[in-house]
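[1] could you work out the structure for the sequence below:
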Amino acid sequence: THTFSKIHGLAALRVGRMFGPAHIVDACNRIRGPFNVTTPAMLAAVAAIEDTAHVQMSRTHTEQWRNWLTEEIGKLGLKVTPSVANFVLIHFPTDKGRTAAEADAYLTRRGLVLRALNNYKLPHALRMTIGTEEANRLVVEGLRDFLAGTGK
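    Now for the predicted structure:
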């Protein structure tokens, strides 16, 4: 399966594709919802597949900023799980005033939304999607301020 959410920038269209053995695809087709995606969404997906320059640009951007974020967040004393995805997994200490939940609340107050991972049994981590240069820098700045105890 493959979504068109991130690398193609079509998250709002809720479109994806599946490739596999015929019997598996057939079983999935029988249990899917009654309506496929809209015609405009399908046309956008086809255009996205054909736009290889955009995919390469997205890969390059993600790789550059994922590496930068991993390094900069590491300099703050936080562990980042090695990643090849479009996000980084940031681990926080359990010390009061430095937890993932407290960091999440702090960043949210600044308008920076990361994903809490309690439902994935990772209560001490936040998932950060690779964003624009500005957004990435703002999160690192926000984490720096949070860990320094400034701006409460």
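[2] quick check: closest non-adjacent residue to the residue nearest the centre of the chain.
    Of all residues in the chain, the one closest to the mean position by Cα atoms, centre = their mean is Thr129, 2.9 Å from it. Closest residue to Thr129 apart from its sequence neighbours, by Cβ to Cβ, 6 or more residues apart in numbering: Phe87 at 4.8 Å. Backbone N, C-alpha and C define where each C-beta goes, glycine included.
[3] help me confirm that that neighbour comes into contact with Leu126.
    No - under the criterion of Cβ atoms under 8 Å, Phe87 is not in contact with Leu126, lying 9.9 Å apart.
[4] looking at these two, which has the bigger crowd around it?
    For Phe87 versus Leu126, the count of surrounding residues by other Cβ atoms under 10 Å is larger for Leu126: 24 against 19.
[5] Ile49: neighbour count?
    13.
[6] quickly find the element holding it.
    Secondary-structure assignment from DSSP states H and E places Ile49 in helix 39-50.
[7] immediately after that helix, which helix or strand?
    Following helix 39-50 in sequence order, the next helix or strand is helix 52-75 (DSSP H and E).
[8] would you mind pulling up the elements that that next one packs against?
    On a contact count with 3 or more Cβ pairs under 8 Å, 6 or more residues apart in numbering; DSSP states H and E, helix 52-75 meets strand 79-81, strand 87-91, helix 133-148.
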